[in-house]
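**Q** pasting the sequence and the predicted model now:
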Amino acid sequence: MNTQPGPAPMSGGRLFAVHAGLVLATFAAMASTTLGSASGPMVLRDVAWESGASYTWYVTASWTAVAVATALAGALADRFGKKTLLQIAIAVLVAGSAALALAGNGYVFIASGAVRGLGIGAVAVLAQAVVADLAAPRARSLPYGFTGAAIAGGVVAGWPLGGWIADASWRWSHVAAVPVLVVAFVLVQATLPGGRRPGTRADFGGAALLAAAAVVLMVWCGYVGDLWAWTSVQTALAIIAGIALPVVAVVLRAQAARSGRNTVLAAVAALPVGIAMFAGPAVLTGRMQFARGFSLHEASAGLIPMIVGLLAAFLVAAGITARTGAPKPFVVAGTALITAGLAVQHAIGGQSPLSLVLASGFLLGAGVGMAAQGLLLVVQDDSPGEPGAATGTVTFFAFFSGALALMLLYGTFLQTRLADIVDEMAGYGVLATPDDAREAIASAYGFALGETSLVAAAVAIAGAVAAVFLKPVTLRDALPADDDRPVDAVRK
């Protein structure tokens with residue numbers, strides 16, 4: 001009989017305040033990933049980019065830091081407790097955001113983006129891991145509905161909000177989330193109990209392998225097509241290491257879990273969730289801007305169906321899962337919707353109806369809303385003694401796949417195609433006029449958007465298949481430390 005104590009019960013008002021702080025922290029952190037996306041051209045104009053510093057390396061450094069933080073934060077939380085680490089992560093995020101707003105040269109801008117990325121990744125994992133200490137598995141679905149909606153909603157809402165703020169100054173767009181983060185910090189300090197739950201263990205080995213994989217593949221994305229050829233030895237080694245390291249990490253995590261099968265399959269199923277959440281808005285707004293001539297604000301408004309879909313799906317899925325204790329059906333349905341949405345995005349052309357473009361966004365949003373929280377519940381059920389590491393693993397694969405998709409879109413596909421177009425024009429002796437430049441950029445974006453959505457759809461199919469083969473689980477009504485039932489008694 002397991003007699004380890006669970007956390008002391010909290011009053012309804014205090015529990016509400018804790019969840020409010022977590023929702024605010026996750027929304028502000030994830031909005032920070034996209035608030036500055038619309039201001040890229042202004043940053044290129046106003047920041048002094050010395051030799052060796054480029055905006056591409058800012059994107060690479062930022063997302064590498066996010067991926068590394070998601071890999072490590074969960075294991076650190078299992079070892080040292082979550083409250084202090086969450087507050088440190090919020091402080092790091094605030095410091096990085098302020099440094100970005102004040103940056104005057106490219107190297108400072110890149111370094112500041114990396115600091116902010118560490119804060120973003122850590123906040124996203126820790127805020128969700130906290131819920132695992134406060135609520136029994138079945139009761140987590142509703143809190144995860146809100147924090148999950150805050151994560152996905154922050155990513156999507158950051159695009160239009162950042163565009164509107166950047167009209168005043170791109171520097172303000174990088175600190176727009178700071179006031180919300182300050183409020184979240186205060187709420188966490190005032191309401192969240194300290195310490196760590198007894199009986200938890202830390203998986204530093206798996207976390208380190210995931211972090212190493214993130215560094216290898218992000219650096220490769222920054223160099224491939226430029227300094228490294230697609231057929232080079234460096235590319236081959238990077239791809240081998242980028243695949244082998246996460247596989248080993250997941251195998252180690254599966255060995256420590258109660259059902260290794262679910263841990264592995266959940267990691268694969270998380271890939272399309274991240275792609276839809278991070279790259280989906282970029283592809284949608286890009287198609288509306290470059291294929292239809294929409295302004296940035298008009299294209300950003302086109303994300304409203306995606307926001308509506310994900311918020312509605314998160315809340316509906318959370319409510320039903322709280323009653324049934326069965327998260328798998330929503331994971332299966334969500335990954336299927338994401339696959340359909342990405343397939344529609346790839347099929348969209350310049351003459352496709354606008355309603356089809358908006359419908360693809362709704363499908364992506366609804367898919368993320370259904371699948372994201374279900375995957376968290378599945379992996380936490382699989383690793384009750386390591387809730388932080390389990391949360392970090394599935395979050396890592398979601399964030400990592402989204403980051404790679406963005407790197408392929410803005411770095412590899414876009415820059416490679418744009419360089420080819422410029423070389424072709426130079427070969428024909430064509431002098432580029434402003435109209436030629438705009439046409440070249442639009443053509444390059446069209447190519448990059450199409451290739452990215454094709455790769456994303458292929459990954460989504462694999463994720464949807466993995467979701468189908470998840471072993472069904474019935475979430476418990478008590479924390480693992482209070483639950484005396486054998487493992488088989490809580491599984492269908």
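**A** Everything's here; your move. Residues are numbered from 1 along each chain as shown.
**Q** every contact and neighbour count from this point should use C-alpha atoms.
**A** Will do.
**Q** quick check: phi and psi on Val473?
**A** phi -130, psi 150 (degrees, to the nearest 10).
**Q** pLDDT score assigned to the most centrally placed residue in the chain?
**A** Residue closest to the average C-alpha location in the chain (Cα atoms, centre = their mean): Phe399, at 3.4 Å. With respect to pLDDT, Phe399 scores 82.
**Q** does it really touch Ala69, like I thought?
**A** No: assessed by Cα atoms under 8 Å, Phe399 is found out of contact with Ala69, at 10.5 Å.
**Q** quick one, helices of the stretch 151-300 of the chain?
**A** Assigned by DSSP state H, counting those that start in this stretch, the helices in the stretch 151-300 of the chain fall at 170-175, 178-191, 204-223, 233-256, 260-274, 280-290, 296-301.
**Q** so what's the residue count around Val216?
**A** Using other Cα atoms under 10 Å, Val216 has 18 other residues around it.
**Q** confirm for me that it is in contact with Gly242.
**A** Yes: at 6.2 Å, Val216 counts as touching Gly242 under the criterion of Cα under 8 Å.
**Q** low-confidence ranges, the stretch 251-400 of the chain, go.
**A** 254-260, 290-291, 296, 349-351, 384-388 (pLDDT under 70).
**Q** if we go to 90?
**A** 251-267, 274-308, 310-312, 314-319, 321-326, 342-358, 360-361, 369, 372-400 (pLDDT under 90).
**Q** residue boundaries of the strands in it?
**A** Taking DSSP state E, counting those that start in this stretch as the criterion, the stretch 251-400 of the chain contains no strands.
**Q** as TSV, the helices of the stretch 151-300 of the chain with distance to Ala61 would be great.
**A** Shown next, in TSV, are the helices of the stretch 151-300 of the chain (distance: least, Cα to Cα, whole Å):
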stretch	distance to Ala61
helix 170-175	16
helix 178-191	21
helix 204-223	8
helix 233-256	17
helix 260-274	18
helix 280-290	19
helix 296-301	25
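**Q** just the ones you listed: most buried one?
**A** helix 260-274 (a mean of 26; mean count of other Cα atoms under 10 Å).
**Q** other SSEs contacting it?
**A** Where contact means 3 or more Cα pairs under 8 Å, 6 or more residues apart in numbering; DSSP states H and E, helix 260-274 is packed against helix 233-256, helix 328-347, helix 354-382, helix 387-407, helix 434-468.
**Q** and these: which comes nearest Gly81?
**A** When the helices and strands packed on helix 260-274 are compared for distance to Gly81 using Cα to Cα, the nearest one is helix 387-407, at 9.4 Å.
**Q** now the angle from the closest one to helix 260-274?
**A** Interaxial angle, helix 387-407 versus helix 260-274 (axes from the mean of the first three to the mean of the last three Cα atoms, to 10 degrees): 40 degrees.
**Q** same for helix 387-407, what does it pack against?
**A** Counting by 3+ Cα pairs under 8 Å, 6+ apart, helix 387-407 packs on helix 55-80, helix 106-134, helix 204-223, helix 260-274, helix 354-382.
**Q** dump those to JSON lines, plus distance to Val468.
**A** Output for those, formatted as JSON lines (distance: least, Cα to Cα, whole Å):
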{"stretch": "helix 55-80", "distance to Val468": "25"}
{"stretch": "helix 106-134", "distance to Val468": "24"}
{"stretch": "helix 204-223", "distance to Val468": "25"}
{"stretch": "helix 260-274", "distance to Val468": "9"}
{"stretch": "helix 354-382", "distance to Val468": "12"}
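**Q** out of those helices, flag the one nearest Ala299.
**A** Of all the helices and strands packed on helix 387-407, helix 354-382 sits nearest to Ala299, with 10.4 Å by Cα to Cα.
**Q** and the closest one, what does it pack against?
**A** If you count contacts as 3+ Cα pairs under 8 Å, 6+ apart, helix 354-382 packs onto helix 141-166, helix 260-274, helix 280-290, helix 304-324, helix 328-347, helix 387-407.
**Q** now with 10 Å, please.
**A** helix 106-134, helix 141-166, helix 233-256, helix 260-274, helix 280-290, helix 304-324, helix 328-347, helix 387-407 (3 or more Cα pairs under 10 Å, 6 or more residues apart in numbering; DSSP states H and E).
**Q** and the angle from that helix to helix 280-290?
**A** 170 degrees.
**Q** show me what contacts Ala213?
**A** 64, 67-68, 71, 207, 238-247, 249, 400 (Cα atoms under 10 Å, 6 or more residues apart in numbering).
**Q** try 6 Å this time
**A** If you count contacts by Cα atoms under 6 Å, 6 or more residues apart in numbering, Ala213 has them with 242, 245.
**Q** mind pulling up the pLDDT for it?
**A** pLDDT, Ala213: 84.
**Q** same check on Tyr445?
**A** Per-residue pLDDT puts Tyr445 at 66.
**Q** any idea which of the helices of the stretch 151-300 of the chain gets closest to Val125?
**A** Across those, Val125 has its closest neighbour in helix 204-223 (12.6 Å, Cα to Cα).
**Q** restrict that closest one to CA atoms and write it as CSV.
**A** As requested, the backbone C-alpha atoms of helix 204-223 are provided in CSV (Å, rounded to 0.1, in the frame of the first residue of the first chain):
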residue,chain,number,x,y,z
PHE,A,204,18.0,13.8,-16.5
GLY,A,205,19.5,11.3,-18.9
GLY,A,206,16.5,11.4,-21.3
ALA,A,207,16.2,15.2,-20.9
ALA,A,208,19.8,15.7,-21.9
LEU,A,209,19.4,13.5,-25.0
LEU,A,210,16.4,15.5,-26.1
ALA,A,211,18.2,18.8,-25.5
ALA,A,212,21.2,17.5,-27.6
ALA,A,213,18.9,16.5,-30.4
ALA,A,214,17.4,20.0,-30.4
VAL,A,215,20.8,21.7,-30.7
VAL,A,216,22.0,19.4,-33.5
LEU,A,217,18.9,19.7,-35.7
MET,A,218,18.4,23.4,-35.2
VAL,A,219,22.0,24.2,-36.1
TRP,A,220,21.6,22.0,-39.1
CYS,A,221,18.5,23.9,-40.2
GLY,A,222,20.5,27.1,-39.9
TYR,A,223,23.4,25.8,-42.2
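**Q** angle of that helix against helix 55-80?
**A** Using the same axes, to 10 degrees, helix 204-223 lies at 180 degrees relative to helix 55-80.
**Q** got the angle between helix 204-223 and helix 233-256?
**A** Using the same axes, to 10 degrees: helix 204-223 against helix 233-256 is 160 degrees.
**Q** how far away from the center of its chain is helix 204-223?
**A** Computed by Cα atoms, centre = their mean, to the nearest Å, the chain-centroid distance of helix 204-223 equals 16 Å.
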